[in-house]
Each structure stands twice: as structure tokens, then as C-alpha cells.
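Chemist: Provide a 3D model corresponding to the input given below.
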Amino acid sequence: VPGATGAAAAAGAGVGGGAAAASEHAQVAVRYLTPHSKWSIHSEYQDNLLMLSLSRGGPTIWMSPQDAGKIGVKDNEWIEAYNRNGVVVARAIVSHRMPEGTVYMHHAQDRVIDVPRTETSGLRGGIHNSLTRVLLKPSHLIGGYAQLSYAFNYIGPTGNQRDEVTVIRRRSQEVQY
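Modeler: Predicted structure coming up:
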């Protein structure tokens with residue numbers, strides 16, 4: 001439920017043993033979406049000077065000022081997003097362009113640089129797909145009918161997997177790698 005806070009949200013989306021630690025902080029439940037990056041193409045790495053000048057130096061999650069206010073997050077502060085599938089650590093981009101109750105983590109952006117350990121699980125902070133699930137669409141199983149034929153990476157994540165309820169909380173600003 002968008003806007004849920006506290007232990008109730010953590011109980012519904014906890015990650016093995018981390019829910020108790022996370023429930024000590026203000027939390028907000030949101031719809032987590034992973035659209036394509038605005039500054040890259042699918043298979044391009046952004047570790048060149050031109051692309052890094054547009055970056056904040058690592059993974060980011062875009063969120064509304066209303067959602068950020070609920071958990072006490074300011075622009076560029078570290079947050080953790082977690083649900084039953086995994087956990088992600090990223091910097092918050094607080095923008096009036098985002099609707100309340102929805103966050104974006106752009107697909108395939110800055111996936112290999114500046115990824116700290118999480119407080120929720122103690123593991124490396126994940127990537128954009130850490131919070132999504134893999135579901136096969138029935139049309140992926142059809143073969144031999146022109147547009148419905150199998151192609152390389154055709155069973156990769158699709159739109160039906162990129163909308164997850166996720167809990168976000170402000171994390172300690174002291175990060176460890």
C-alpha cells in the first residue's frame with residue numbers, strides 16, 4: 001500500500017532477518033519501476049567522462065518530495081529499497097517530476113560503480129533487477145509463428161516484471177564498501 005510506514009510495511013516486504021532492523025526507521029511503501037535510462041542505450045556502460053558528468057557516481061532512485069518527506073530523506077542522501085526479492089542501496093533523487101507513491105530506478109544505469117553494502121542484509125547493495133521477479137509470459141513459450149518466435153534474451157525481464165511494491169527507508173549516511 002503506497003504511503004504505509006513502520007513495522008507493518010516491513011513485515012509485508014521483509015528480507016531474511018533484515019525486517020526487524022529496518023523497522024526501527026521511518027519507511028514508505030511505493031511502486032518500484034525500472035524504466036530505461038534517459039542517458040544511455042541498453043548495453044552501453046556509462047564509465048566515460050561524458051556520461052559520468054551526468055551521473056551522481058552510482059545507483060540512484062528517483063522519488064517524489066512527498067515520499068522523501070515521509071522518511072526524512074533529502075536529495076542525494078543514501079536510501080535502501082527492499083522487498084521479498086532483494087535489496088538495493090542508492091542515492092535519492094528527489095524530484096517534483098515524480099508522482100507520490102512511485103519511484104524509478106533507471107534500467108542498467110551505473111550498475112558497477114559505487115555500490116555500498118546494505119544495512120538490511122549486510123550484502124552488496126544490488127542492482128535495478130534485485131527487487132524485480134522473473135515471470136514467464138505465456139507468449140514467450142510459443143514458437144514457430146513469425147513474431148512469436150524465440151530470440152536471444154527474449155526470456156529476459158519484460159514489462160510485466162518491472163512493477164513491484166517496495167519499502168524504502170533512509171539509511172545511515174556512513175556507507176561501507
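Chemist: mind listing what residue 124 touches?
Modeler: Residue 124 is in contact with 115-118, counting by Cβ atoms under 8 Å, 6 or more residues apart in numbering. For glycine as for every other residue, the C-beta is placed from the backbone atoms N, C-alpha and C.
Chemist: Looking at neighbours, which among these is most surrounded?
Modeler: Across the contacts of residue 124, neighbour numbers were computed from other Cβ atoms under 10 Å; residue 118 holds the maximum, 25 neighbours.
Chemist: Next one: that one from residue 88, what distance?
Modeler: Between residue 118 and residue 88 the computed distance is 8 Å (Cβ to Cβ, to the nearest Å).
Chemist: what do those two both touch?
Modeler: With Cβ under 8 Å, 6+ apart, residue 118 and residue 88 have common neighbours 80, 82, 125-126.
Chemist: Widest-spaced pair of these?
Modeler: Largest separation among the shared contacts of residue 118 and residue 88 by Cβ to Cβ: 82 and 125, giving 10.2 Å.
Chemist: Phi, psi for residue 61 please.
Modeler: phi -130, psi 120 (degrees, to the nearest 10).
Chemist: about what we covered before: tell me which of the contacts of residue 124 fall in helices.
Modeler: Using DSSP state H, the subset of these located in helices is empty.
Chemist: Which parts of this structure are helices?
Modeler: Residue ranges of the helices in the chain, as given by DSSP H, are 6-12, 19-22, 49-52, 65-71.
Chemist: neighbours around residue 25, how many?
Modeler: By the measure other Cβ under 10 Å, the count of residues near residue 25 is 17.
Chemist: I'd assumed residue 71 was in contact with it.
Modeler: Yes - counting by Cβ atoms under 8 Å, residue 25 touches residue 71, with 7.4 Å between them.
Chemist: Overlap in contacts, these two.
Modeler: Common neighbours of residue 25 and residue 71 are listed as 169-170 (criterion: Cβ under 8 Å, 6+ apart).
Chemist: Report the buried residues of stretch 99-108.
Modeler: Using 16 or more other Cβ atoms under 10 Å as the burial criterion, the residues of stretch 99-108 that qualify are 100-108.
Chemist: same question, stretch 170-177
Modeler: 170-171, 175.
Chemist: Show me these that map onto strands.
Modeler: Assigned to strands by DSSP state E, the following of the buried residues of stretch 170-177 qualify: residue 170.
Chemist: Return the distance of the closest residue to residue 98 other than its chain neighbours relative to residue 71.
Modeler: Closest residue in space to residue 98, ignoring its immediate chain neighbours: residue 64 at 4.3 Å, by Cβ to Cβ, 6 or more residues apart in numbering. Residue 64 sits 11 Å away from residue 71, going by Cβ to Cβ.
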